[in-house]
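> Pasted the sequence and its predicted model underneath.
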Amino acid sequence: MTIFHDALNTLKPNANWVVNGDDTYANITWIDTEQTKPTESAVTTKVNELQAAYNALDYSRVRKAKYDLLNQDEMRYDDVKNSTTTWVDAIDSIKVAHPKP
């Protein structure tokens with residue numbers, strides 16, 4: 001599913017529709033003709049809103065991917081045994097490289 005589909009589902013959660021081709025308003029076929037259709041402007045606004053919300057959390061997706069590459073339990077154990085800060089340093093470097101907006 002795409003952000004375009006999410007926008008349609010948000011605007012008309014119970015509507016039946018199909019997108020034929022590219023995700024554009026012109027390619028929507030409304031199956032349920034009884035329901036009021038959202039305007040192209042409303043769909044575009046919702047798509048932009050959802051895209052902005054997705055983009056705003058990009059830093060967290062990148063951070064998670066970097067955190068997942070670390071063997072954090074091993075790092076914490078080694079830090080406790082060796083009185084080092086390897087784990088904290090690794091987490092801090094990821095946060096510095098990918099700060100919250």
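Thanks, I have the structure now.

> for the protein, which helix is longest?
In the chain, with assignment by DSSP state H, the single longest helix is helix 40-56.

> Can you list the buried residues in that helix?
43, 46-47, 50 (16 or more other CB atoms under 10 Å). Heads up, the C-betas are built off the backbone N, CA and C, glycines and all.

> List the buried residues in the helix or strand that it is followed by.
Next in sequence after helix 40-56, counting helices and strands by DSSP states H and E, comes helix 58-69. By neighbour count on 16+ other CB under 10 Å, the buried set for helix 58-69 is 63, 66.

> Give me the domain ranges for this structure.
3-56, 58-97 (automatic domain parsing).

> So for the first one, mean pLDDT?
Looking back up the chat, that one is domain 3-56. Per-region confidence: domain 3-56 scores 90 on mean pLDDT.

> how far off helix 40-56 does the helix or strand harbouring residue 9 point, in degrees?
Per DSSP H and E: residue 9 is located in helix 3-11. Taking axes from the mean of the first three to the mean of the last three CA atoms, to 10 degrees, helix 3-11 and helix 40-56 form an angle of 120 degrees between their directions.
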